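Chemist: Sequence isn't available, so here's the structure alone:
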């Protein structure tokens, strides 16, 4: 009979957040993100700026992983991309990219540091990342401030795309405070966890705030069946995609991006 200590060692570990930088990432996942990139490019073509948020209806639906992978795949086209961790309650991007988080967007907005001091340049070629920094006491007010609006306006002149990783819409209002400063929001849903009601509530909240939904991405799909077992829909400026890692066509390996 195994000892207590050996049982503890055998306890299941939290799944790793997979990104396109992983050497063993499936080809289907890479292609799916390329399709998502194409859809977003078209969705943003008629917008005044190329600043957009990635969010979800509820927690643990994979939005941070998808945001990181969108940033990576856009940078791979030699577009100058900035990813900002605007989840000022439960930051993740510094863990995904293995960056220090002692300063970031919170200290920039707080007037403690300059943009030059908080930006992590060339995390990969063409991709800069600003982490969250210390958790502030007033996340919603900070993101909805005039200073944030001015910052995003200035950054949009320097970067081709600015991507904001924001908290779940049905949990806090942080993402909604940004709608007047951004082109729109990409919503992430998780197969087997997200519900139509929760997703519909998030979409209604964005519309009520006069925001735009750029697309809905369904991830964590366990694809089985025939070679061409996938579904793809495109409706107005809503790009609906289904893929295990998150993208437009439903073609991908099982459970590639499970964590937010």
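Modeler: Ah, there it is. In this text the structure is predicted, and so the values were computed from the model without any measurement.

Chemist: in this protein, which spans are strands?
Modeler: Along the chain, counting by DSSP state E, strands occupy 51-56, 81-85, 119-124, 127-130, 161-165, 184-190, 213-219, 233-235, 238-242.

Chemist: Quick check: which of the ones you listed is nearest to residue 66?
Modeler: strand 184-190 (5.1 Å; C-beta to C-beta). (Glycine included, C-beta is placed from N, CA and C.)

Chemist: List the buried residues of that closest one.
Modeler: Of all the residues in strand 184-190, those buried under the rule 16 or more other C-beta atoms under 10 Å are 184, 185, 186, 187, 188, 189, 190.

Chemist: just the helices in the chain please.
Modeler: Under the criterion DSSP state H, helices of the chain are mapped to 4-9, 27-44, 63-75, 93-96, 105-109, 115-118, 139-143, 146-158, 196-208.

Chemist: what comes into contact with stretch 100-118?
Modeler: Applying C-beta atoms under 8 Å, 6 or more residues apart in numbering, the external contacts of stretch 100-118 come out as 84-86, 88, 91, 94, 130-136, 142, 145, 147-148, 151.

Chemist: 6 Å - rerun?
Modeler: 84, 88, 94, 130, 131, 132, 133, 134, 136, 142, 147 (C-beta atoms under 6 Å, 6 or more residues apart in numbering).

Chemist: Quick check: ChimeraX command selecting the buried ones in the residues you listed.
Modeler: Selection of buried members from the contacts of stretch 100-118 for ChimeraX, criterion 16+ other C-beta under 10 Å:
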select :84,88,94,130,131,132,133,136,142
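
Chemist: Select, from the contacts of stretch 100-118, the two members most distant in space.
Modeler: 94 and 147 (22.0 Å).

Chemist: Now do the residue lying closest to residue 30 once chain neighbours are set aside against residue 57, distance only.
Modeler: In this structure, residue 30 finds its nearest non-sequential neighbour in residue 20, 6.0 Å apart by C-beta to C-beta, 6 or more residues apart in numbering. Going from residue 20 to residue 57 by C-beta to C-beta, to the nearest Å gives 24 Å.
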